[in-house]
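sequence and predicted structure below; questions after.
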Number of protein chains: 2
Amino acid sequence: MTDYRTLRVALLGAGAVGSQVAALLRRHADELADRAEARLELAGIAVRDVDAPREADLPRELFTTDAETLIVGSDIVIELMGGIEPARTYILQALNSGADVVTANKALLATHGSEIFDAADQVGASVYYEAAAAGAIPIIRPLRDSLAGDRVVRIMGIVNGTTNYILDRMDTEGAEFADVLADAQALGYAEADPTADVEGYDAAQKAAILASLAFHTSVPLDAVHREGITQVDKAMMDAARHAGYVIKLLAVCERLTTDAATEAISVRVYPALVPRTHPLASVHGANNAVFVQAEAAGNLMFYGAGAGGVQTASAVLGDVVSAARRHIAGGVGVGESTRANLPVVPIGHVTTRYQITLEVDDRPGVLATVAGILSDGRVSVATLEQTVVAEANGHPGVARLVIGTHRAREQDLSETVERLAASGVVERVVSVLRVEGD
Amino acid sequence: MTDYRTLRVALLGAGAVGSQVAALLRRHADELADRAEARLELAGIAVRDVDAPREADLPRELFTTDAETLIVGSDIVIELMGGIEPARTYILQALNSGADVVTANKALLATHGSEIFDAADQVGASVYYEAAAAGAIPIIRPLRDSLAGDRVVRIMGIVNGTTNYILDRMDTEGAEFADVLADAQALGYAEADPTADVEGYDAAQKAAILASLAFHTSVPLDAVHREGITQVDKAMMDAARHAGYVIKLLAVCERLTTDAATEAISVRVYPALVPRTHPLASVHGANNAVFVQAEAAGNLMFYGAGAGGVQTASAVLGDVVSAARRHIAGGVGVGESTRANLPVVPIGHVTTRYQITLEVDDRPGVLATVAGILSDGRVSVATLEQTVVAEANGHPGVARLVIGTHRAREQDLSETVERLAASGVVERVVSVLRVEGD
């Protein structure tokens, strides 16, 4: 056996991912040593309760409740506790003591990323977070390194497995949101409190991380526009299918030009209509995919399992090997490039295509009124389909209008929809959905 | 403007990719400097003929025919000449003078990779080659870094755009190979001499590079089993479609267990039947995709444009930025890990599923004879479809048998097919195709 130098690895957290990481570090020790050119010695695992039941079979003496002592003298600290504190404090302590940090903590990076990357820069350490953006899908290195010589124009990502699972089942089975959600909770695909997933908070954190990397800009989480999928119902799904679309919760990160002809970016999460022919439309179940458009590279897509303990552990261990190689090779860590520092525009300034579904009175002149309001609001109609809804809401003579627009400005669009709703001829605004990827 | 250190970049070759790289290095100089934290000064471009016409508008004084002098004192040398010599000599000269090397030269890496990586190791320099495996698709970093803590089980890649373009058009238009090839040549998708593409030589080089990385093993090019697509005809395409498959030229890199229960790998390129439901079946036109199965990460897919000057330039520039960051950060380069050094088994030892199409005499007892030969040869039948071919080859009473097998060993299969051909009841072996991805 080759005589490698030993690196001391501290693990913080022993949940689903942490247990897998610990088990794999031990099971594949020789193979990992060959890859890292260093022996990775798991020095300990910091947990809140040493005696709690664990998924993996790990020696009891590895566990400690004293994270701070464990961190001292470690070469690599793996943070898999989640949450903001004490994770943030431990990571800063680790960096300041000269360790490299591997983390899957998207909530922390999306809110305190700048602080953590700055701390790493100052001591020449590195922070690795491949597992924080799209589970096991390698997307951080492609964005940070492979596309470093290119200009990313746009990212569209399906980055939350739970919502993709729900929307996919609604689409393929014609089921209602609440029923699929209950089923997903029973199957363990969704949490008992599903808010973080279904309201788009998880996707928004990942969008902030992806946009920061892609556009070399520090994107604060509160600059990310966020809408969840709780309003998506069977009728919207059916209408989307009829029109050749599927509804996906997308994280969209986009480079754009402001009215003042300067560069800016938009980062937003919402359910959108995606053409059935687009590669993202074929992402089924709890899978994730990130579609990247770059100036020179053209269209790229990265696809794989979004989450799961063992899949995420794969991404974490890849980072651990990278950190180990850097320790062995010497040199300072390479920080995050945020020098472009582009402004993030609010959602009102974004232009995209829309599909507006209205229920209107089915009588002469109504279409002209609707068309007039759209035109006054600078919303140009691309397609229009009218169907008579028999006895809708008890009113005979109600028609359904499905209006596909050309690219329009979000602010114009939302003001126009308000005017439509108040026009007296519109019974109900059934839905307003953005169209992405066409 | 930030006061960056300047790194001297030498470019060897000014073809389609080289011209784009030179143009982008100059056009995006400020942005690249921010990403690399170093100014990338294009010191010169070595070409055979200074006065040859170029695709990009570049100052004449950059060009030189004296590559050796240009290399001296360079920090980063970009080799885009292609071919074995003098590319090999220049790369070794660059490494020995302390420069990092970026290359897209798959032929050179597939044949002299070990020599080049060893030379880099000895001086602590790095060789970057993201553009050598699948054009603009970031696959090298994911395999080398992101999956470094995982175990790759299998790679199936569509890594040659020309053959995918040809097969896709044959599939969608029902056209014949020769007609589509002629068209592809007229459109510039295929070379005047298409041998490297249609006979699978290009794909085999990429397969050797991918397998070396994925399995931490030096895979010599002559250990790669290679078959091209020139035998694929309209009838085979139609039969594949009828059975729910599409024919793709695949590079398959697989971890397997030998009869002696030791680990080994198989690396092979051939046209294979892929189920229409597999993500690789949806890769159209000249696009590339690499499907990776890893023990922990599960199934991943990387998709994008396979080739083209500007797409490949994106991958090259990403490598240049990485090389620059390493120069600035200090430390030695990280070499290729080939410590696993698994043996590559010959194709005869590989097991896979097959689809055998035969024309047989349509008379009693023939099926029993065929079934007996298959069973004697340890080839187990999974599906069988018989159709009567009216007047096939002028013989009335010829039936077509399409036999889908369970997994069988290639050597058993090929011996069995030989016995079938010699059995007296088989008029013609129409085709034998492997099935992958089901």
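Thanks, I have it. Numbers count the residues shown, from 1 in each chain, chains lettered A, B, ... in the order given.

residues from the stretch 301-438 of chain A in reach of chain B?
Counting by C-beta under 8 Å from any C-beta of the partner chain, the stretch 301-438 of chain A comes close to chain B at A:301-305, A:308, A:310-311, A:313-322, A:325-326, A:329-334, A:337, A:339-340. Using the backbone N, CA and C atoms, a C-beta is placed for each residue, glycine as well.

repeat that with 6 Å
A:301-305, A:310-311, A:313-314, A:317-318, A:320-322, A:325, A:329-332, A:334, A:337, A:339 (C-beta under 6 Å from any C-beta of the partner chain).

so residue A:270 sits in a helix?
No: residue state for residue A:270 (DSSP: H, G, I helix; E, B strand; the rest coil) corresponds to strand; a helix is not indicated.

now do the contacts for it.
Residue A:270 makes contacts with residue A:227, as judged by C-beta atoms under 6 Å, 6 or more residues apart in numbering or on different chains.

is it bridged to anything, and to what?
residue A:250 (DSSP bridges).

where exactly do the helices run in the stretch 51-200 of chain A?
A:67-71, A:87-96, A:106-123, A:131-134, A:140-141, A:161-173, A:177-187, A:195-198 (DSSP state H, counting those that start in this stretch).

any idea how chain A splits into domains?
A:6-133+A:310-329, A:140-306, A:350-435 (automatic domain parsing).

can you list the residues of the stretch 101-250 of chain A near chain B?
Going by C-beta under 6 Å from any C-beta, the residues of the stretch 101-250 of chain A near chain B are A:130, A:136, A:138, A:141, A:142, A:145, A:146, A:147, A:148, A:149, A:150.

residues in contact with the second one?
It stands for residue A:136. A:304, A:305, A:311, A:314, A:315, B:297.

thinking again about what came up before, could I get the domains of chain A in TSV, plus columns for mean pLDDT?
Shown next, in TSV, are these (pLDDT from 0 to 100):
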stretch	mean pLDDT
domain A:6-133+A:310-329	92
domain A:140-306	93
domain A:350-435	90
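
check residue A:332 and give its pLDDT.
Looking at residue A:332, its pLDDT is 64.

before we move on, back to that, which two from the residues of the stretch 101-250 of chain A next to chain B end up farthest apart in space?
A:136 and A:149 (25.7 Å; C-beta to C-beta).

for the residue in chain A sticking out farthest from the centre, phi and psi?
Residue farthest from the centre of chain A, counting by C-alpha atoms, centre = their mean, is residue A:364 at 46.1 Å. Main-chain torsions, residue A:364, degrees, to the nearest 10: phi -60, psi 150.

do you know how far it is from residue A:399?
To residue A:399, residue A:364 is 12 Å away according to C-beta to C-beta, to the nearest Å.

which residue does the stretch 51-200 of chain A have closest to chain B?
residue A:149 (2.3 Å; C-beta to the nearest C-beta).

wait, that residue touches residue B:315, no?
No: using C-beta atoms under 6 Å, residue A:149 is not in contact with residue B:315, being 8.2 Å away.

please enumerate the strands of the stretch 151-300 of chain A.
Counting by DSSP state E, counting those that start in this stretch, the stretch 151-300 of chain A has strands at residues A:152-158, A:225-226, A:245-257, A:263-275, A:287-294, A:298-305.

tell me where the stretch 301-438 of chain A has helices.
Going by DSSP H, counting those that start in this stretch, the stretch 301-438 of chain A shows helices at A:309-329, A:366-376, A:410-421.

ok, and for stretch A:273-285, which residues are buried?
A:273, A:274, A:278, A:279, A:280, A:281, A:282, A:283 (16 or more other C-beta atoms under 10 Å in any protein chain shown).

distance to residue A:256 added to those residues, as JSON lines?
As requested, these are exported to JSON lines (distance: C-beta to C-beta, whole Å):
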{"residue": "A:273", "distance to residue A:256": "20"}
{"residue": "A:274", "distance to residue A:256": "20"}
{"residue": "A:278", "distance to residue A:256": "20"}
{"residue": "A:279", "distance to residue A:256": "23"}
{"residue": "A:280", "distance to residue A:256": "20"}
{"residue": "A:281", "distance to residue A:256": "24"}
{"residue": "A:282", "distance to residue A:256": "27"}
{"residue": "A:283", "distance to residue A:256": "25"}
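
please flag which of those sit within helices.
Assignment to helices by DSSP state H places none of the buried residues of stretch A:273-285 there.

and chain B, which of those reach it?
Restricting the buried residues of stretch A:273-285 to those near chain B - C-beta under 6 Å from any C-beta - leaves none.

contacting residues around stretch A:47-66?
Residues outside stretch A:47-66 that contact it (C-beta under 6 Å, 6+ apart): A:14, A:19, A:22, A:23, A:44, A:45, A:46, A:70.

hmm, back to that, how far away is the residue farthest from the centre of chain A from residue A:79?
For residue A:364, the distance to residue A:79 - C-beta to C-beta - is 66 Å.
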